[in-house]
Structure formats: C-alpha cells, structure tokens
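J.: Take a look and give me a structure for this.
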Amino acid sequence: MNKRKLIDFFLPFPWNIHARILFLSLAGSIVFWLFKGNGYFVQSMMVGTSIMVIDSEIIFWVSRSLFNSVNKSSPREVTFQIISRVLVFLVLIMVVGTSVASGAMLLMNMSNGSTFAEAFYFVRQNELKGIVDSLVIASLIATFMFFFMMWQDAMKSGFKAREQALIYQSETLKNQVNPHFLFNSLNTLSSLIPTNPEKAELFTQKLSVIYRYILENREAETVPLEQEINFVMDYYFLQKIRDEEKIDLTIEIENPDCRILPISLQLLVENAFKHNVATREKPLHVTIIQKENWIEVRNNLQPKSQLNPSSGLGLNNLSERVNLHSGKKLVIEKTEQEYVVRMPIVCMARE
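T.: Predicted structure coming up:
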C-alpha cells in the first residue's frame with residue numbers, strides 16, 4: 001500500500017489536510033478524555049473535537065499564508081521575517097485557541113442551565129488555566145513542526161538550486177562553446193588577419209577573455225556587476241566586428257559595486273542579437289540600464305521569421321536561477337515596438 005496515499009487518507013489537497021486535522025483532533029479528544037475521565041464520553045468527544053478542529057483549521061491556513069510570504073532577499077532580512085512570523089504565530093495560537101475553547105465551554109455550560117455570568121465565572125475559575133497550559137504545549141509543538149518544515153524547504157531549495165546551477169552551467173558551455181559560435185568567430189578572425197593584423201590580434205585577445213570568464217565563473221553564485229559588464233562589452237566587441245553598424249549597445253550603470261548572476265546579462269544581450277533582424281537601414285539597439293536594485297535590458301523589436309521557434313530554455317533557466325537566488329522573478333515585458341527584461345541584482349546601500 002502506498003504510504004503517501006495512506007497519510008493523505010487517499011484524498012487530494014486540501015481535503016487531505018481536513019482529514020488529517022479531523023483524525024488528529026479526534027485522537028487528541030480521546031486522550032484528553034482518558035486523562036480527565038469525567039464520564040461524559042460523547043459530550044467530551046463532540047466538544048473537544050470541535051474545539052481542536054476549529055483551532056487547527058484557522059491556525060493552519062492562516063500560518064500557511066503567513067510563512068509562505070517570506071521574501072528571500074537577504075539572510076538578515078529572512079531571519080528577521082521568520083522570527084517576527086513565529087512570534088505572530090505563537091500569539092495567533094494563544095488568541096485563537098483561548099477564544100474558541102472558552103467560547104465552547106461557555107456554550108456548553110449555558111446549555112446545562114447556567115446563566116452567562118455563571119458560565120463565564122466557572123470557565124475563568126476552573127477551565128481557563130487548563131486551556132492556556134494546553135495551548136502553551138501546543139504552541140511549542142507547532143513551533144517545532146514549523147522549523148522542521150522550514151528546514152525541509154531549505155534542503156529542497158538547496159538541492160533544486162544545485163540542480164539548476166548544474167543545468168545552467170551545462171547549457172552555458174553548450175551555448176558558448178558550440179561549432180556555430182566558433183565558426184563565426186574563426187571565420188571573422190581569418191578575414192581580419194590579412195587585412196587588419198592589429199584588429200585580428202585584439203579579436204583573439206577578446207575571444208580568449210570571453211572563454212576564460214565563462215570557465216572561471218561557471219560555478220560562481222554571483223559576480224561583481226562591473227565584471228559582468230566588461231564581459232558583455234567584450235562579447236559585443238566580437239559581434240560588432242562582424243555586424244558593424246547593424247547593432248548598437250548602450251550601457252548606463254549607477255552602481256558598479258552591485259553583484260549579479262554570472263553570464264546573465266550576456267545571455268539577455270545574446271537573445272536580442274539572436275532573435276532580431278539587424279540591418280544598416282534598421283539597426284538593432286540594445287540598452288542596459290541599472291535602476292536601483294534592478295537591471296534592465298531592452299531592445300527594439302525586429303523579430304526574425306523563424307521556421308523552428310526557439311525553445312526559450314536559456315531564458316527559462318535564468319528565470320529559475322533568479323528566483324532561487326533572490327526570491328524575486330525575472331520581469332519580461334513585450335510590446336509591438338520593444339522587448340524588455342528586468343532582472344534583480346544585489347546592491348549594498350551607499351553611505
């Protein structure tokens with residue numbers, strides 16, 4: 001029998017959650033009745049199970065949205081957000097649990113003929129301490145479970161990040177060190193050697209710098225923005241020699257001390273060159289602009305008519321890496337005239 005299905009009571013989400021809560025609440029009520037032993041089994045089951053189900057449903061769904069909203073921007077901010085949310089979570093357990101349990105006890109006593117004042121006095125004198133004590137224990141257990149789930153999520157994210165990094169490294173090397181790229185570069189170099197030896201030598205130097213940058217940073221999580229910009233300019237230099245006045249690159253950077261995912265800007269610039277037509281009459285203009293903690297790559301839209309559409313694997317892979325690293329998303333905007341990609345970067349506040 002499939003243990004996973006058994007734990008879920010053979011139900012899909014969210015019904016499996018409701019089933020688990022009902023089962024655990026019923027089991028908890030039975031244990032509570034066995035210890036208290038007041039003799040009223042059916043009444044205790046109904047009241048105890050109802051209290052636990054209501055408490056658990058409210059706490060689970062509210063805390064789920066509370067902890068899923070953690071913004072993974074930096075370790076310090078994540079730590080602060082988790083601690084603040086745990087405190088809110090504990091307060092939530094105490095307030096909701098006390099309110100629901102006290103309300104149920106009031107109704108039960110009033111149904112037995114007591115007035116509201118008598119029922120309130122009885123609950124405050126005899127039941128409130130037990131309610132609070134049980135909620136303290138429940139809150140400690142819930143906090144432990146929360147941190148266990150956070151640890152599991154962190155492990156899953158770590159494995160996923162490593163997997164995506166390996167895929168990205170592989171795709172990057174395949175995209176850069178491929179026969180087509182080498183053929184174009186070597187063909188350009190061979191045409192330069194007899195006509196312009198000095199430019200041919202510079203071309204060779206830039207080509208070696210590009211490959212060295214890729215190999216040195218293929219395992220790095222981030223690199224200085226200034227290094228990535230220099231890498232993009234070297235890449236653009238190779239393209240410019242071949243395409244001359246057909247392409248144009250403008251760069252506007254406010255803070256070069258920021259950090260960015262390696263070979264990310266180059267991928268976006270390469271996408272613009274790869275998927276758009278560029279002629280002397282209609283040149284392709286690519287602009288890189290930094291806006292605070294974001295960097296924007298935009299180009300005028302002149303799409304090629306492709307028989308085999310691009311799979312978009314490189315851009316999708318970059319989007320995954322951006323989300324895993326920063327918790328933010330790659331923003332893509334497309335109009336009839338322009339294609340824009342915005343990517344988050346990490347910048348320290350300037351003094």
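
J.: Quick one, grab the pLDDT at Phe23.
T.: Per-residue confidence at Phe23 stands at 77 (pLDDT).

J.: Tell me the backbone dihedrals of it, please.
T.: The phi and psi values for Phe23, taken as degrees, to the nearest 10, are phi -60, psi -50.

J.: Quick one: name whatever helix or strand follows the helix or strand where Leu238 lies.
T.: Using DSSP states H and E, Leu238 sits in helix 225-243. Scanning forward in sequence from helix 225-243, with DSSP H and E defining helices and strands, the next element found is strand 247-252.

J.: Sheet partners, orientation included, of that next one?
T.: On the basis of DSSP bridges, the sheet neighbours of strand 247-252 come out as strand 284-291 (parallel).

J.: so where do the helices sit in the protein?
T.: According to DSSP state H, the chain carries its helices in the segments 3-7, 15-36, 41-68, 75-111, 116-122, 128-176, 179-195, 197-217, 225-243, 265-275, 313-326.

J.: so what's the closest residue to Met110 other than its chain neighbours up against?
T.: In this structure, Met110 finds its nearest non-sequential neighbour in Ala119, 4.9 Å apart by C-beta to C-beta, 6 or more residues apart in numbering. Every C-beta, even on glycine, is put in place using the N, C-alpha and C of the backbone. For Ala119, the contacting residues are Met105, Leu106, Asn109, Met110, by C-beta atoms under 8 Å, 6 or more residues apart in numbering.

J.: which one of those residues sits closest to Glu127?
T.: Proximity of the contacts of Ala119 to Glu127, judged by C-beta to C-beta, is greatest for Met105, which lies at 5.1 Å.

J.: gap between the closest one and Ile345?
T.: 56 Å (C-beta to C-beta, to the nearest Å).

J.: now Phe237
T.: 23 Å.

J.: for the stretch 1-150 of the chain, which spans come out with low pLDDT?
T.: Low-confidence segments of the stretch 1-150 of the chain, defined by pLDDT under 70: 1-9, 13-14, 21, 25, 28-29, 31-60, 62-79, 130-131, 133-150.

J.: if we go to 50?
T.: Applying pLDDT under 50 to the stretch 1-150 of the chain flags the ranges 1.

J.: now do the stretch 151-300 of the chain
T.: By pLDDT under 50, the weakly predicted segments of the stretch 151-300 of the chain are 177.

J.: try 80 this time
T.: Under the criterion of pLDDT under 80, the regions of the stretch 151-300 of the chain flagged as low confidence span 151-186, 218-220, 244.

J.: picking that back up, neighbour count winner among Phe237 and Ile345?
T.: A direct count of neighbours by other C-beta atoms under 10 Å for Phe237 and Ile345 places Ile345 higher, at 22 against 17.

J.: wait, isn't the more buried one in contact with Asp257?
T.: No - assessed by C-beta atoms under 8 Å, Ile345 is found out of contact with Asp257, at 10.6 Å.

J.: so what sits against both of these two?
T.: In contact with both Ile345 and Asp257: Leu225, using C-beta under 8 Å, 6+ apart.

J.: how is this protein carved up into domains?
T.: When the chain is parsed with automatic domain parsing, its domains come out as 3-154, 177-344.

J.: rewinding a little: the helix holding Leu238 versus strand 284-291: what angle between them?
T.: For helix 225-243 against strand 284-291, the angle by axes from the mean of the first three to the mean of the last three C-alpha atoms, to 10 degrees is 170 degrees.

J.: got the CA coordinates for helix 225-243 in CSV?
T.: In CSV, the C-alpha atoms belonging to helix 225-243 read as follows (Å, rounded to 0.1, in the frame of the first residue of the first chain):
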residue,chain,number,x,y,z
LEU,A,225,28.4,43.8,-11.8
GLU,A,226,31.4,45.6,-13.2
GLN,A,227,33.0,42.3,-14.3
GLU,A,228,29.8,41.2,-16.0
ILE,A,229,29.5,44.5,-17.8
ASN,A,230,33.1,44.1,-19.0
PHE,A,231,32.3,40.6,-20.2
VAL,A,232,29.3,41.9,-22.1
MET,A,233,31.4,44.6,-23.7
ASP,A,234,34.0,42.0,-24.9
TYR,A,235,31.2,39.9,-26.3
TYR,A,236,29.7,42.9,-28.0
PHE,A,237,33.1,43.7,-29.5
LEU,A,238,33.2,40.4,-31.3
GLN,A,239,29.7,40.8,-32.6
LYS,A,240,30.3,44.4,-33.6
ILE,A,241,33.3,43.5,-35.8
ARG,A,242,31.1,41.1,-37.8
ASP,A,243,27.9,43.2,-37.9
